[in-house]
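**Student:** coords please:
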Amino acid sequence: MKLALKIMFVIFLVWMAAGIYLSNTGHEKAEIVMGLGVFYFSFLFMPFFIYYRYRDGKYKKYILNDQKLRDAFNQQDKN
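**Tutor:** Take a look at the predicted model:
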């Protein structure tokens with residue numbers, strides 16, 4: 001999975017470089033290439049990245065629940 005994410009990121013970088021090159025040369029399809037690159041990044045690469053990073057329950061420390069809120073308010077009252 002780690003290798004797949006690296007390959008997908010390299011594809012995104014090459015895609016954006018091609019879009020910048022086309023934009024600098026004045027090609028009429030440069031905006032389409034850049035737009036498809038952003039589409040690729042936001043709808044294909046990012047979901048895989050988010051899944052890979054948080055698949056083992058690492059996200060649970062960022063979720064607010066009643067106990068964490070009580071602890072935070074108690075800590076604030078002490079200060």
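**Student:** residue contacts, residue 46?
**Tutor:** Under the criterion of C-beta atoms under 8 Å, 6 or more residues apart in numbering, residue 46 has no neighbours. C-betas here are computed from N, CA, C, even on glycine.
**Student:** export the host helix or strand of it as CSV, just CAs?
**Tutor:** For residue 46, the host element (DSSP states H and E) is helix 46-54. What follows is helix 46-54, C-alpha atoms only, in CSV (Å, rounded to 0.1, in the frame of the first residue of the first chain):
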residue,chain,number,x,y,z
MET,A,46,-6.5,11.8,-1.1
PRO,A,47,-9.0,9.1,-0.1
PHE,A,48,-6.3,6.4,-0.4
PHE,A,49,-3.9,8.5,1.6
ILE,A,50,-6.5,9.2,4.3
TYR,A,51,-7.5,5.5,4.5
TYR,A,52,-3.9,4.4,4.8
ARG,A,53,-3.1,6.9,7.5
TYR,A,54,-6.1,6.2,9.7
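**Student:** would you map the helices across the protein?
**Tutor:** Per DSSP state H, the chain carries helices over the ranges 2-25, 30-40, 46-54, 66-78.
**Student:** just name the most buried of those helices.
**Tutor:** Of all the helices of the chain, helix 30-40 has the most neighbours on average by mean count of other C-beta atoms under 10 Å, namely a mean of 14.
**Student:** can you give me the end-to-end distance of stretch 19-30?
**Tutor:** The straight-line separation of the ends of stretch 19-30 (C-alpha to C-alpha, to the nearest Å) is 6 Å.
**Student:** how far does stretch 24-38 sit from its chain's centre?
**Tutor:** On the basis of C-alpha atoms, centre = their mean, to the nearest Å, stretch 24-38 is displaced by 21 Å from the centre of the chain it belongs to.
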